[in-house]
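>>> Pasting the sequence and the predicted model now:
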Amino acid sequence: VMLRSPDKGTGVELSSFVRPSCVPGSPAAMANEVGLRSVAFEVHDLDAAADQTTSAGYGLVGGIGEYEGSWRMAYVRGPEGIIVALARPIG
């Protein structure tokens, strides 16, 4: 799935390879285990970004929430179990 900013100037692609076959990492890996476990992005429209990722087949982990009254956030389980945090500042 490709996430793009509203101005189409920046984006990030979440992908998973079909060939060659590989042995995926554990989706239940601890946060301090070596390797990439999560990545976070600030987005302009959190609801649209969450809708775009779930419509592409990536599951939301919980729902959209709020962090300390300063951020609205959603977590998506991306390829190979990587957690992708989507965040929008409040205010």
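Nice, thanks for sending it over.
>>> Stretch 48-62: end-to-end distance?
16 Å (C-alpha to C-alpha, to the nearest Å).
>>> Do you have the strands of the protein handy? List them.
For the chain, the strands defined by DSSP state E occupy 2-4, 11-13, 38-42, 59-67, 71-77, 83-89.
>>> what packs against the last one?
The elements that strand 83-89 packs onto, with contact taken as 3 or more C-beta pairs under 8 Å, 6 or more residues apart in numbering; DSSP states H and E, are strand 38-42, helix 46-55, strand 71-77. All C-beta spots, glycine's among them, are computed from the backbone N, C-alpha and C.
>>> what does the third one give?
When contacts are defined as 3+ C-beta pairs under 8 Å, 6+ apart, strand 38-42 sits against strand 83-89.
>>> The strand it packs on pairs with which strands, parallel or anti?
strand 38-42 (parallel), strand 71-77 (antiparallel) (DSSP bridges).
>>> if we compare the helices and strands packed on strand 83-89, which one ends up closest to V84?
In this view, the helices and strands packed on strand 83-89 are compared for proximity to V84 by C-beta to C-beta, and strand 71-77 is the closest at 4.6 Å.
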